[in-house]
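J.: this is a predicted model, with the sequence first.
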Amino acid sequence: MPKLTIDGTEIEVEDGLTVLQACERAGAEIPRFCYHERLPIAGNCRMCLVEMERAPKPVASCAMPVGEGMVITTNSEKVRKMRESVMEFLLINHPLDCPICDQGGECDLQDQSVTYGKDRGRFDEMKRAVPNKDFGPLVKGIMTRCIHCTRCVRFITEIAGVPELGGVYRGEHMEIGTYVEKALSSELSGNIIDLCPVGALTSKPYAFKSRPWELRKTESIDVMDGAGSSIRVDTRGGEVMRILPRLHEDVNEEWISDKTRFACDGLSRQRLDTPYVRENGKLRPASWDEAFSVLHDRFKGVKGEKIAAIAGDQADVEAMTVLKDLMVALGSPSMDCRSDGGACETSVPASYRFNTTIAGIENADAILIIGSNPRLESPVINARIRKRYLQSGLPIGVIGPEADLTYKHQNFGDDPAMVEDIASGNHPFANVLKDAKNPMLIIGAGALSRNDGQVILGLAHKIADATGMIADGWNGFNVLQTAASRVGGLDIGFVPGADGMDTISILEGAQSGEIEIVYLLAADEIDTNRLGKAFVVYQGHHGDNGAHRADVILPGAAYTEKNATFVNTEGRVQQTRLATFPPGEAKEDWAIIRKLSDVLGHKLAFESLSDVRERMIEINDAFEEVDCVHPQKWTKFGGNGEVNSEWPLRSHVRNFYMTDPISRASETMARCVSEILDDNAEGTGTNG
């Protein structure tokens, strides 16, 4: 480990660090614009210049590796003049439009010009102007402000893996933009807004909406997919203005998907803000007492086995816990949180979790993906896979449709019989997995929601056993869940009881008349046309598919409007925080069901949210710890039989921008569909 002296203090650091990193560890603050710890080094801005003993000229600390015996000075008069000069050059062409810039108040250039700049400039030439670029419906480009740090170029190329940005021309005429006029197509493109140190790239939907100091900031988690990215919800009054990422090294690092970031405008559209009751074939607004009165009369005399409940993809664990207890009190064993009918062994958590963990992807040295498109199902997880690929060039095999996953891989076709071949060892990739030290398998929700899902799950289990995926400290078997509620619902046992029906059987029973009442807890992903003549109660926050079919609607709260628990695909218990209150008469979901239990004569003993959480811990002690992942016992699961080769494997998500009630209500997501997705390509429909 090299020793060097920084501002008179000797420090020992790890080999391979840069001088900038060493200075920060020594407590010296180094200004920078182009440098970012997650991006390749560029050395463009020169703001990080320091003085090094025996060096003939200033050193760019971000690009200089540490060496034994270096003597670095970061606070001398010479360094101060260097920084003033660099800042003076950066401001030569930068427009003075801070009052109308959306980056105002959060701008690195503002902050560093105050700290390191001079009080006046010596240049009186005309500033250059650059035409604005159209980057699509999400990112607004005012490129006259650009200081050519190239953070956006490096992110899109290296992290996102979609090389659509670059520099054209040279010198004073250099411009950053797309090589041809087109919208950015990466599902992670919004992160370049956070990376931009000036106001050259800002949020188009958020333009001129508010200033940072007007916003109330609430730390929460995302429920748009199964990854559970850490986010910050910024609100003004009762409106969610924007959503930004929070740092979480084990989940999303500091990135979030475009749907997570930009679909928040859907929170204020098509909202259910009062109960509704269907009369003469039409829904009409009603009071809570009136809606509960209708439910009391309809449930009266109905046997428990004729009542069923389905929990949707964004249902929180508290609501599912209370609903489960209510269904048990009513005598109904028919309930399910798998609205897509996905196969799993409900008593074996390893059969439905991402056991490697998201951060564990960086230790894999061979990956097999079955029936999944991680780029659409979870862009943040896909970025981890790409990161690992760039680090090691590991072999990646895919059984599914051809797709650009942003990294090189072998596609073995979409015939599910290929899974049988690898499981039996007849396919060459089986040997690749066997030879790997940490082989890994990712099976998608689309593969498990088929009618032969149990068989495919069993074959995946066989592959894991046969190729050495299960070892001390390593479990390479992973299920990539696309629903935020799925793992939490399975953990509390929101599944059919003895002689109970699962989602598919509930729909069949509703069609045949065997099921008379169906309770939909934010369940919008099912085929509501298959509910037959059943009496449908819908509890949710948007007027989506389930609400259109309902006979009684109970307005609930969205994820930004309640303190609620979710469990991500790797089994990590996470909690949202109330950022704003539900609109109108809408209430927290667990409280609605608790009140309904009283009306139906089966009062549940929950008086507060803490009571519900104690009940969750009683059911499963995993809920005692938040933000922790524990290894799960590996045992037998899955079924035997033959796969259906007539039905090709495909991803569960075909339209990334519209997968849930919030994103389907979002005007911004609608623009993404029309401007980014090709109208003629597969993927213009909804979740399928």
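T.: The structure has been received and is ready for your questions.

J.: use CA for all of it now, contacts and neighbours both
T.: OK.

J.: and what about Arg284, helix, strand or coil?
T.: Following DSSP: H, G, I helix; E, B strand; the rest coil, Arg284 is assigned to strand.

J.: so it sits against Ala291, correct?
T.: No: Arg284 is beyond contact range of Ala291, at 10.6 Å (criterion: C-alpha atoms under 8 Å).

J.: of these two, who's got more company?
T.: Neighbours per residue (other C-alpha atoms under 10 Å) separate Arg284 from Ala291, with Ala291 holding more: 21 against 14.

J.: now the helix or strand Val233 falls within: how far from the chain's centre is it?
T.: Using DSSP states H and E, the element containing Val233 is strand 230-236. Strand 230-236 sits 14 Å away from the centroid of its parent chain (C-alpha atoms, centre = their mean, to the nearest Å).

J.: what sits up against it?
T.: 214-222, 240-248, 251-252, 256, 560, 579-580 (C-alpha atoms under 8 Å, 6 or more residues apart in numbering).

J.: joint contacts of Arg284 and Ala291?
T.: In contact with both Arg284 and Ala291: Tyr276, Val277, using C-alpha under 8 Å, 6+ apart.

J.: could you export stretch 202-214 as CSV, CA atoms only?
T.: Taking C-alpha atoms only, stretch 202-214 is exported to CSV below (Å, rounded to 0.1, in the frame of the first residue of the first chain):
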residue,chain,number,x,y,z
THR,A,202,-33.1,18.7,-16.9
SER,A,203,-36.4,16.8,-16.5
LYS,A,204,-38.8,17.7,-19.3
PRO,A,205,-42.0,16.8,-17.4
TYR,A,206,-40.8,18.8,-14.3
ALA,A,207,-39.7,21.9,-16.3
PHE,A,208,-40.6,25.1,-14.5
LYS,A,209,-42.8,23.3,-11.9
SER,A,210,-41.0,24.3,-8.6
ARG,A,211,-37.7,25.1,-6.9
PRO,A,212,-35.8,22.7,-4.6
TRP,A,213,-36.3,24.8,-1.5
GLU,A,214,-40.1,24.6,-1.9
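
J.: now that stretch: mean pLDDT?
T.: Averaging pLDDT along stretch 202-214 gives 95.

J.: list of residues touching it?
T.: So stretch 202-214 is contacted by 100, 102-106, 137-141, 190, 193, 236, 241-242, 262, 668 (C-alpha under 8 Å, 6+ apart).

J.: filter the residues you listed down to the buried ones, ChimeraX style.
T.: Here is the ChimeraX command that picks out the buried ones among the contacts of stretch 202-214, judged by 16 or more other C-alpha atoms under 10 Å:
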select :102,103,104,106,137,138,139,140,141,190,193,236,241,242,262,668
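
J.: in its sheet, what does the strand holding Val233 sit against?
T.: strand 216-221 (antiparallel), strand 239-245 (antiparallel) (DSSP bridges).

J.: my read: Ala447 touches Pro648, true?
T.: No: the pair Ala447 / Pro648 is not scored as a contact, 9.4 Å apart, by C-alpha under 8 Å.

J.: higher neighbour count, those two?
T.: Ala447 (26 against 17).

J.: who's the closest spatial neighbour of that one, skipping the chain neighbours?
T.: Gly371 (4.9 Å; C-alpha to C-alpha, 6 or more residues apart in numbering).

J.: could you do Ile176 as well?
T.: Gly167 (4.5 Å).

J.: residues touching that neighbour, list them.
T.: Met174, Glu175, Ile176, Gly177.

J.: quick check: which element contains it?
T.: Going by DSSP H and E, Gly167 is in strand 165-168.

J.: state the mean pLDDT of that strand.
T.: 91.

J.: contacts made by the helix or strand following it with the rest, please.
T.: On the C-terminal side of strand 165-168, the nearest following helix or strand under DSSP H and E is strand 175-178. Identification of contacts with strand 175-178 by C-alpha under 8 Å, 6+ apart yields 130, 133, 135, 143, 146, 148, 150, 164-169.

J.: quick check, nearest of the residues you listed to Ile463?
T.: Glu164 (37.5 Å; C-alpha to C-alpha).

J.: touching, the closest one and Glu181? I think so.
T.: No: assessed by C-alpha under 8 Å, Glu164 is found out of contact with Glu181, at 10.1 Å.

J.: looking at these two, which is more packed in?
T.: Between Glu164 and Glu181, counted using other C-alpha under 10 Å, the more crowded position is Glu164 (17 against 11).

J.: for that one, what are phi and psi?
T.: Here is the backbone geometry of Glu164 (degrees, to the nearest 10): phi -110, psi -10.

J.: residues in contact with it?
T.: With contacts taken as C-alpha under 8 Å, 6+ apart, Glu164 has the following neighbours: Val153, Ile156, Thr157, Thr178, Tyr179, Leu184.

J.: Leu49 too?
T.: So Leu49 contacts Pro58, Val59, Ala60, Ser61, Val79, Met82, Arg83 (C-alpha under 8 Å, 6+ apart).

J.: what about the second one, distance to Val536?
T.: I take that to be Val59. 70 Å (C-alpha to C-alpha, to the nearest Å).

J.: who's more crowded, those two?
T.: Val536 (24 against 17).

J.: out of the contacts of strand 175-178, which are buried?
T.: Lys133, Phe135, Met143, Cys146, His148, Thr150, Glu164, Leu165, Gly166.

J.: check the spacing between the second one and Ala510 real quick.
T.: Relative to Ala510, Phe135 is positioned 48 Å away (C-alpha to C-alpha).

J.: once you drop chain neighbours, what's closest to Glu239?
T.: In space, Glu239 is closest to Thr580, 7.0 Å off (C-alpha to C-alpha, 6+ apart).

J.: mind telling me what element the one you found is part of?
T.: Per DSSP H and E: nothing holds Thr580, as it lies in no helix or strand.

J.: tell me, how many residues neighbour it?
T.: The number of residues near Thr580, taken as other C-alpha under 10 Å, comes to 22.

J.: then Glu14?
T.: Neighbour number of Glu14 under other C-alpha under 10 Å is 11.

J.: same question for Ala622.
T.: So Ala622, with other C-alpha under 10 Å, has 18 neighbours.

J.: identify the residues contacting it.
T.: Val573.

J.: so it lies in a helix, does it not?
T.: Yes: read with three-state DSSP, Ala622 is one of the residues of a helix.

J.: and stretch 438-453, what's buried?
T.: Neighbour-count burial for stretch 438-453 [16+ other C-alpha under 10 Å]: 438-450, 452-453.

J.: out of the residues you listed, list just those in strands.
T.: Pro439, Met440, Leu441, Ile442, Ile443, Gly444 (DSSP state E).

J.: beta partners for the first one?
T.: Taking DSSP bridges, one finds Ala366 as the beta-bridge partners of Pro439.

J.: the strands in the stretch 201-350 of the chain, which residues?
T.: For the stretch 201-350 of the chain, the strands defined by DSSP state E, counting those that start in this stretch cover 201-203, 216-221, 230-236, 239-245, 276-279, 282-285, 307-311, 334-336.

J.: make a markdown table out of these and add distance to Leu394.
T.: Output for those, formatted as a markdown table (distance: least, C-alpha to C-alpha, whole Å):
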| stretch | distance to Leu394 |
| --- | --- |
| strand 201-203 | 34 |
| strand 216-221 | 31 |
| strand 230-236 | 28 |
| strand 239-245 | 29 |
| strand 276-279 | 55 |
| strand 282-285 | 56 |
| strand 307-311 | 38 |
| strand 334-336 | 38 |
